[in-house]
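Peer 1: This is the structure alone, sequence omitted:
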């Protein structure tokens, strides 16, 4: 089976098998778990020798898996643009190029988010009206259909970018979480119109004209309460909010284990503690989410991901392709920007 060919109904997913803290073992095992669910051809992109060692016990002729050689890995901490120039055949670059060339339908990486953004912009380009890709999604399981965008890829934003986040988040909530007419809100220091910094105030006016179901400003409490399906903020605020949530879950898990041991069995206390952690660590449960605003399906996951999270990210890639997410986003972005420009 080649990367160009796949049975009808199968989604070809190019997997950056060298990206992430637990690569390549977790990536290969995750791919095996993902293909077990059917409908996926896994294209493992990475060092050929290392990957062949990982699958030596398998008969690949009977599995929808193919190894695609690459040369080099871009790691967290490296300057993405410089690294891409120095390593043009790095695994994330080759995986994304497969999507550009039509040899894969989606790409998945647990490696450097900066590298994924850079190569996606260069290889796939951004959709009309989008300056830079963004990341967004639910961050609290207690509010599972509340999308926060941006989560860290754009720390300095112009008001027009926040408008794009609102459009992207609305399509994300509708397509991925089946929310009809999602409520879109700006995260601010007060709910009243006129509250917030200059960026928020100017974005407020743009969102009012957008035709989205814009409900105005909301505060931090409203995010957890699920009082909007789309929460718009710049990546500086969004990333702090997400990591605060994740950190709180980890700390509370340990605290609850100690506090409940005198009242519950060890097993019951551990169940409660794990549940609290899961409520504040959505990415661990989802595996990853789409890089939003690029002209192709690219899924970015957590660098610490184990095989189970990798498999979920690969299944997410299939779902994004199956529902035509990128095409829907392209159409909605065009509609909103025409309305605001009129």
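Peer 2: On my side now, so go ahead. Treat the numbers as computed from the prediction; the structure is a model and nothing was measured.

Peer 1: per-domain residue ranges of the protein.
Peer 2: Listed by automatic domain parsing, the domain ranges of the chain are 11-133+291-330, 136-283.

Peer 1: ranking these by burial, who's on top?
Peer 2: Stretch with highest mean neighbour count among the domains of the chain: domain 11-133+291-330 (a mean of 21; mean count of other Cβ atoms under 10 Å). In this view, the C-beta of every residue, glycine as well, is placed from N, C-alpha and C.

Peer 1: could you pull out the helices for the stretch 201-342 of the chain?
Peer 2: Using DSSP state H, counting those that start in this stretch, the helices of the stretch 201-342 of the chain run over 220-225, 235-260, 266-280, 282-286, 307-322, 325-341.

Peer 1: rewinding a little: please convert the domains of the chain to JSON lines, extending it with mean pLDDT and distance to residue 338.
Peer 2: What follows is the domains of the chain, written out as JSON lines (pLDDT from 0 to 100; distance: least, Cβ to Cβ, whole Å):
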{"stretch": "domain 11-133+291-330", "mean pLDDT": "94", "distance to residue 338": "9"}
{"stretch": "domain 136-283", "mean pLDDT": "92", "distance to residue 338": "10"}
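
Peer 1: Work out which residue lies at the spatial centre of the chain.
Peer 2: residue 289 (2.2 Å; Cα atoms, centre = their mean).

Peer 1: thinking again about what came up before, so which of the domains of the chain is nearest residue 336?
Peer 2: Ranking those by proximity to residue 336 (Cβ to Cβ) places domain 136-283 first, at 4.9 Å.

Peer 1: Now do the SS call for the closest residue to residue 47 other than its chain neighbours.
Peer 2: Using Cβ to Cβ, 6 or more residues apart in numbering and skipping residues adjacent in sequence, the residue nearest residue 47 is residue 18, 6.3 Å away. Assigned by DSSP: H, G, I helix; E, B strand; the rest coil, the conformation of residue 18 is coil.

Peer 1: In contact with residue 18, which residues are there?
Peer 2: By Cβ atoms under 8 Å, 6 or more residues apart in numbering, the contact list for residue 18 reads 24, 27, 45-47, 50, 70, 73, 90-91, 111.

Peer 1: residues contacting the residue of the chain most remote from its centre?
Peer 2: The outermost residue of the chain, judged against the average C-alpha position, is residue 262 (39.8 Å), by Cα atoms, centre = their mean. Under the criterion of Cβ under 8 Å, 6+ apart, residue 262 has no neighbours.

Peer 1: can you check residue 78 too?
Peer 2: 112, 115.

Peer 1: Also residue 320?
Peer 2: Neighbour list for residue 320: 106, 176, 290, 297, 299, 326 [criterion: Cβ under 8 Å, 6+ apart].

Peer 1: how about a cut-off of 7 Å?
Peer 2: Contact analysis of residue 320 by Cβ atoms under 7 Å, 6 or more residues apart in numbering lists 106, 290, 297, 299.

Peer 1: From residue 190, how far off is the closest residue in space to residue 140 that isn't next to it in sequence?
Peer 2: Distance criterion Cβ to Cβ, 6+ apart; nearest residue to residue 140, sequence neighbours excluded, is residue 224 at 5.5 Å. Using Cβ to Cβ, to the nearest Å, residue 224 is found at 17 Å from residue 190.

Peer 1: same deal with residue 108?
Peer 2: Using Cβ to Cβ, residue 108 is found at 40 Å from residue 190.

Peer 1: Likewise for residue 339?
Peer 2: According to Cβ to Cβ, residue 339 stands 27 Å off from residue 190.

Peer 1: Strands along the stretch 101-250 of the chain, start to end?
Peer 2: Under the criterion DSSP state E, counting those that start in this stretch, strands of the stretch 101-250 of the chain are mapped to 106-109, 136-137, 147-149, 183-187, 213-218, 230-232.

Peer 1: contacting residues for residue 224?
Peer 2: The neighbourhood of residue 224, defined by Cβ under 7 Å, 6+ apart, consists of 140, 142-143.

Peer 1: who's in contact with the residue nearest to residue 310 when sequence neighbours are not counted?
Peer 2: Closest residue to residue 310 in three dimensions, ignoring its sequence neighbours and counting by Cβ to Cβ, 6+ apart: residue 30, at 2.6 Å. For residue 30, the contacting residues are 307, 310-311, 314, by Cβ under 7 Å, 6+ apart.

Peer 1: now do residue 16
Peer 2: Taking Cβ under 7 Å, 6+ apart as the criterion, residue 16 is in contact with 45, 91-92, 95, 107-109, 111.

Peer 1: Ok, residue 179 next?
Peer 2: Going by Cβ under 7 Å, 6+ apart, residue 179 touches 145, 173, 229.
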